[in-house]
Every structure is written in structure tokens, then in C-alpha cells.
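Engineer: Output the structure for:
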Amino acid sequence: MQIDWARVTPVLMSMVIIALVAIARNYSRGLAVVLATMPINLPLAMYVIFNAHPEDQAGFSSFIGGLVVGLIPTMVFIVTAYAASRVGWTFWPVIGAGYSAWAVCFIVIWLVQRITAR
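Structural biologist: Sure, this is the predicted structure:
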């Protein structure tokens, strides 16, 4: 049995980052924030996409463009979560509000892209 390292590496790296955040929070909230917000998954996803078809530069560039657009709902998620936490909401309601706002933003962007692509 052969291990497909191109697929396994991103999963392992994500696990390592989660563990590092859990450890770092005991020593430095600032370090935990840096580790949690580092662009780890983005380069790993880019690595997987590029290695699947290294000759397809246009597809690779299009994927990265999609990541840029995908950051908009992610920012909406974190701003919503921050606002909800500031008014005293606990973990699960904060996460629910963040994902709800993320979903609305994602759907709006998706609809705009579909409408303008015609």
C-alpha cells in the first residue's frame, strides 16, 4: 500500500497546527492567535491543486482567485463571531451566528457570480 503524501500532508499539517494552538494558548494568547490565523490551509490546498495538474497554470491561477473571493465570507464569519462574543454570547451561539453570516455571504457571492457569468 502506497501513501499518497500529496493528500495526507495537508491533513497532518492541520492536525499539527491545531495541536500547536492548544499548547500555545497555555503560554501566550498572542502566539495562539498567530498560529490560528497563519495561512496554513491555503498553501496546503494550493499544493494539492497544483500537484494534481502541474501543467494547468490557468486552472491553478483560477483556484487562487477563488480563494481570494472565498476570504470575503470568512472575514464576515469572524467579524460576526467577534460581534456576537462582544455582546456576551457563548461559544455555540457565536459559532452559529458566524456560520449563518458566512453562509448568507457565500450564497450572495455565488448568486452574483452566476448572474454576472451569463
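
Engineer: packing partners for the host helix or strand of Ser62?
Structural biologist: Using DSSP states H and E, the element containing Ser62 is helix 57-86. On a contact count with 3 or more CB pairs under 8 Å, 6 or more residues apart in numbering; DSSP states H and E, helix 57-86 meets helix 41-52, helix 91-116. (Each C-beta comes from the backbone N, C-alpha and C, glycine too.)

Engineer: Mean pLDDT lowest where, among those helices?
Structural biologist: When those are compared on mean pLDDT, helix 41-52 scores lowest, with a mean of 86.

Engineer: Just the CA atoms of that one, as PDB, please.
Structural biologist: The C-alpha trace of helix 41-52 is given here as PDB (Å, rounded to 0.1, in the frame of the first residue of the first chain):
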ATOM      1  CA  ASN A  41      -4.600  25.600   4.900                       C
ATOM      2  CA  LEU A  42      -4.400  27.900   1.900                       C
ATOM      3  CA  PRO A  43      -0.900  26.900   0.800                       C
ATOM      4  CA  LEU A  44      -1.700  23.300   1.500                       C
ATOM      5  CA  ALA A  45      -4.800  23.500  -0.700                       C
ATOM      6  CA  MET A  46      -2.700  25.200  -3.400                       C
ATOM      7  CA  TYR A  47      -0.200  22.400  -3.100                       C
ATOM      8  CA  VAL A  48      -2.800  19.700  -3.600                       C
ATOM      9  CA  ILE A  49      -4.400  21.500  -6.600                       C
ATOM     10  CA  PHE A  50      -1.100  22.300  -8.200                       C
ATOM     11  CA  ASN A  51       0.300  18.800  -7.800                       C
ATOM     12  CA  ALA A  52      -2.900  17.300  -9.300                       C
END
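
Engineer: which residues touch Thr74?
Structural biologist: Residues counted as contacts of Thr74 (CB atoms under 8 Å, 6 or more residues apart in numbering) are Trp102.

Engineer: Please shift the residue numbers so they start at 32 in all later answers.
Structural biologist: Sure, I'll start numbering at 32, so the last one becomes Thr105.

Engineer: Give the buried residues for stretch 77-85.
Structural biologist: Met77, Ile80, Phe81 (16 or more other CB atoms under 10 Å).
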